[in-house]
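> Turn this into a structure:
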Amino acid sequence: MGKASAKAQNLTYAVTSAARLMASNHTLYILKDPSAYGGKGSVIGFLKVGRKALIFWDELGNHKELEPLCVLDLYVHESQQRRGHGRRLFQHMLQAQSVLPKHLAIDRPSSKFLSFLWQHYDLHKTIPQTNNFVVFEGFFHDQPASMQDERRRRRSWITSGNSEGRCKRGKTLSWTCPCCSDGWQRVPWKQRGKESGIYMWENCVFSLWVTQIAEQWYGFPEDLGSIPGPGM
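The predicted structure follows:
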């Protein structure tokens, strides 16, 4: 289904797969027909969402750093389209996430998806952005606290060093992970035979490569892997 979704969107690779899902904090909603194939069931469609720390520009051109819930992939099998399944999936997600449609950021929506949002949720006036995400009029109004709290927590962690702490293996730490007692050490990539400007975060469990811009949690580059960062 992930490959079928990629094909429908003219993408060169599937953005939804079991491996990618396991290496992320995304949520996948699946709609199933339990009576198909003699009771074995079949998947009708899916909807993938997740929070991402991104930079946005409001209607007045002001820069904002937010972490909204993002719609990352939506697909209904071709044989099941135009039967209301897409709206069932979408409506269930809205209720489960307790979010309003106007507060969602949509990742590279197709023309068909944009028509869907206009028809069912009256979302059609977009606010131009410099990233791949589409947001609509009302996105910056009455924002839930969840769009900002995690962002502030991570930025606070990044800007508060801890040179005294030690991890379970006794290594001196320069940062403290916000979600556990382990610490993270910032190691320049040049120590690994590469040019500076890219750094590795490591603790007892993970080694994470991130760029300088990723230190502010604007996102990870695709070619550096999809392992979620500290606290993500």
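
> Next secondary structure element downstream of the lengthiest helix in the chain?
Selection of the longest helix in the chain by residue count, based on DSSP state H, yields helix 85-97. Following helix 85-97 in sequence order, the next helix or strand is strand 105-107 (DSSP states H and E).

> Check which helices and strands that following strand sits against.
strand 69-76, strand 133-136 (3 or more Cβ pairs under 8 Å, 6 or more residues apart in numbering; DSSP states H and E). (Glycine included, C-beta is placed from N, CA and C.)

> Ser35: which of the ones you listed is closest?
Smallest distance to Ser35 across the helices and strands packed on strand 105-107 (Cβ to Cβ): 17.5 Å, for strand 69-76.

> What residues sit buried inside the closest one?
Across strand 69-76, burial judged by 16 or more other Cβ atoms under 10 Å covers 69-76.

> Could I get these in CSV, plus columns for pLDDT and distance to Ala145?
Output for the buried residues of strand 69-76, formatted as CSV (pLDDT from 0 to 100; distance: Cβ to Cβ, whole Å):
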residue, pLDDT, distance to Ala145
Leu69, 96, 13
Cys70, 97, 17
Val71, 98, 20
Leu72, 96, 22
Asp73, 95, 26
Leu74, 95, 26
Tyr75, 92, 31
Val76, 94, 32
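
> Where do the strands of this protein begin and end?
Assigned strands in the chain, in chain order: 27-33, 42-51, 54-57, 63-66, 69-76, 105-107, 126-127, 133-136, 175-176, 183-188, 198-202, 207-211 (criterion: DSSP state E).

> Redo those strands as JSON lines? Include distance to Ala18.
Shown next, in JSON lines, are the strands of the chain (distance: least, Cβ to Cβ, whole Å):
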{"stretch": "strand 27-33", "distance to Ala18": "9"}
{"stretch": "strand 42-51", "distance to Ala18": "12"}
{"stretch": "strand 54-57", "distance to Ala18": "25"}
{"stretch": "strand 63-66", "distance to Ala18": "29"}
{"stretch": "strand 69-76", "distance to Ala18": "13"}
{"stretch": "strand 105-107", "distance to Ala18": "19"}
{"stretch": "strand 126-127", "distance to Ala18": "32"}
{"stretch": "strand 133-136", "distance to Ala18": "24"}
{"stretch": "strand 175-176", "distance to Ala18": "31"}
{"stretch": "strand 183-188", "distance to Ala18": "27"}
{"stretch": "strand 198-202", "distance to Ala18": "25"}
{"stretch": "strand 207-211", "distance to Ala18": "21"}
